[in-house]
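Undergrad: Below is the sequence, then the predicted model.
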Amino acid sequence: MCLTVWIEAEAAERERLMSAAATASEFGLRVDVEHPSRWPWAQRRPVRATITEDGGCACGLLSDDADWNAETWAMRPEIVEPLARTLEALLQHGPPRVAVEALWDGDRPQKELCIGLAELAGVVRSTGLGTKARYVIERAG
């Protein structure tokens, strides 16, 4: 089982998310947008971009004392700022409405928080992303 950190947007926003991912990758973390499905019935599903160090899972972002039963994820100190800047770039340059989650594979969010772009970066820099939270960010288009 692994940690997945991802950002989700409407399917129609794929190109915008891909462009934002290219910009966000400049901060030291890797941002990969999933490939579109070739199946017509799946093409309307939301598009996701994952944030990792090397293209695998996001477990490497965690500190040694991270605990999925904790309220928030404990990230390695040297990862906190690059993660905050990566998310800021994705939110500034990407689709106007996105959701961000940092979940253990198989977990589902237990709460949804509607917050602003600056608030999310502040959460990452201070308390850390919630272990079972879905952050919804909406800005003017």
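TA: Yep, it's here. All values derive from a computational prediction rather than experimental measurement.

Undergrad: contacting residues around the lengthiest helix in the chain?
TA: Assignment by DSSP state H gives helix 77-93 as the longest helix of the chain. Under the criterion CB atoms under 8 Å, 6 or more residues apart in numbering, residues 5, 7, 16-17, 19-21, 23-29, 31, 49, 51, 53, 61, 63, 75, 98, 100, 117, 120-121, 124-125, 128, 137, 139 lie in contact with helix 77-93. Placement of C-beta: from N, CA and C, glycine included.

Undergrad: Then stretch 109-124?
TA: In contact with stretch 109-124 (CB under 8 Å, 6+ apart) are residues 75, 80, 83-85, 87-88, 91-92, 100-101, 103, 129-130, 132-139.

Undergrad: still on that earlier bit, can I get the buried part of the contacts of helix 77-93 as one ChimeraX selection?
TA: Only the buried entries of the contacts of helix 77-93 go into this ChimeraX selection, using 16 or more other CB atoms under 10 Å:
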select :5,7,16,17,20,21,24,25,27,29,31,49,51,53,61,75,98,100,117,120,121,124,128,137
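
Undergrad: mind checking how far the residue lying farthest from the centre of the chain is from Thr52?
TA: Here the chain reaches farthest from its C-alpha mean at Pro40, the gap being 25.7 Å by CA atoms, centre = their mean. To Thr52, Pro40 is 30 Å away according to CB to CB, to the nearest Å.
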